[in-house]
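Colleague: Predicted coordinates and the sequence they were generated for:
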Amino acid sequence: MAKAQAIEKHRDDRDAAKETYELASGALELGILLASSAIVTSLPWLALVGAGFGAIGSVLGILGWTAPHLIGG
């Protein structure tokens, strides 16, 4: 019984980490898109918003690794 509970906990940790990584990936993709758009349109505020999304994505990626249940359920 204890082994089954350990396996379930490991599965739940992986699922939570996956959800957090998906959020991180989305934020990083938005950051890249906005930074690229800033170059094309010469609007510096887009680069700042893109940097913000990049920072959020980086934090979410680290949280997915260190504390997967904090964001990902």
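Modeller: Now that the structure is in, tell me what you want to look at.
Colleague: tell me what the lengthiest helix in the chain is packed against?
Modeller: Under DSSP state H, the helix in the chain containing the largest number of residues is helix 2-41. Here helix 2-41 touches helix 44-66, helix 68-72, going by 3 or more Cβ pairs under 8 Å, 6 or more residues apart in numbering; DSSP states H and E. All C-beta atoms are positioned from the backbone trio N, CA, C, and that covers glycine.
Colleague: most packed of those?
Modeller: Most buried of the helices and strands packed on helix 2-41, by mean neighbour count (mean count of other Cβ atoms under 10 Å): helix 68-72, with a mean of 17.
Colleague: which helices and strands does that helix pack with?
Modeller: Judged by 3+ Cβ pairs under 8 Å, 6+ apart, helix 68-72 is in contact with helix 2-41, helix 44-66.
Colleague: Can you tell me how far the closest residue to Leu33 other than its chain neighbours is from Ile71?
Modeller: Taking Cβ to Cβ, 6 or more residues apart in numbering, and ignoring the residues beside it in sequence, Leu33 has Gly50 as its nearest neighbour in space, at 7.3 Å. Per Cβ to Cβ, to the nearest Å, Gly50 is found 21 Å from Ile71.
Colleague: Quick test: name the residue nearest the centre of this structure.
Modeller: Geometric centre of the chain, nearest residue: Ala24, 1.3 Å, by Cα atoms, centre = their mean.
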